[in-house]
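Trainee: Build the 3D model from these lines:
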Amino acid sequence: MKTNENYLTDEKLLEYLAKGYTQQEISDELKKLGYYPNSLSMIEKMLKRIKKEHNANTLYHLAVILNKK
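Mentor: Residues are numbered from 1 along each chain as shown. So this is what the prediction gives:
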C-alpha cells in the first residue's frame, strides 16, 4: 500500500545524489524500499525540474548551488 511516508520527495532524491548514487541506482533502491514514484523516467523528470528551479545547467552545477545554500 502506498503511503505518504513512501512518497519520493525532492529532499529524499537529493539525499541519494549526495551519497553518490546514479539515477539508475536511485531507481533500483527506491523500488526495493517501496517508494514511489520510482521509475528512472520520473527521477529524470524530477531532477530536470529541480535544476530548472535553481537555474542549474548540470547535476554538478546543481550540487554546487545547493551546497552554497
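Trainee: where does the chain dip in pLDDT?
Mentor: Filtered on pLDDT under 70, the chain yields the residue ranges 1-3.
Trainee: Just the residues contacting the lengthiest helix in it, thanks.
Mentor: Of all the segments assigned as helix in the chain under DSSP state H, the longest by residue count is helix 40-53. Outside helix 40-53, the residues that touch it by CB atoms under 8 Å, 6 or more residues apart in numbering are 8, 10, 13-14, 17, 23-24, 26-27, 30, 37, 56-59, 61-62. Any C-beta I mention is one placed from the backbone N, CA and C, and that applies to glycine too.
Trainee: which among those end up buried?
Mentor: Leu8, Leu13, Leu14, Leu17, Gln23, Ile26, Ser27, Leu30, Ala56, Leu62 (16 or more other CB atoms under 10 Å).
Trainee: so which two of the residues you listed are the farthest from each other?
Mentor: Greatest spatial distance in the buried ones among the contacts of helix 40-53: Leu30 and Ala56, 22.1 Å, computed using CB to CB.
Trainee: Compute the number of surrounding residues for the nearest residue to Leu8 once chain neighbours are set aside.
Mentor: Ranked by CB to CB, 6 or more residues apart in numbering and with sequence neighbours excluded, the top spatial neighbour of Leu8 is Tyr35, at 5.0 Å. Residues within reach of Tyr35, counting by other CB atoms under 10 Å, total 19.
Trainee: still on that earlier bit, how about TSV for the buried ones among the contacts of helix 40-53, with distance to Leu47 and secondary structure added?
Mentor: Rendered in TSV, the data for the buried ones among the contacts of helix 40-53 read as follows (distance: CB to CB, whole Å; DSSP: H, G, I helix; E, B strand; the rest coil):
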residue	distance to Leu47	secondary structure
Leu8	11	coil
Leu13	7	helix
Leu14	9	helix
Leu17	8	helix
Gln23	7	helix
Ile26	9	helix
Ser27	12	helix
Leu30	13	helix
Ala56	10	coil
Leu62	8	helix
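Trainee: one step back: okay, buried residues for the longest helix of the chain please.
Mentor: For helix 40-53, the neighbour count (16+ other CB under 10 Å) marks Ile43, Met46, Leu47, Ile50, Lys51 as buried.
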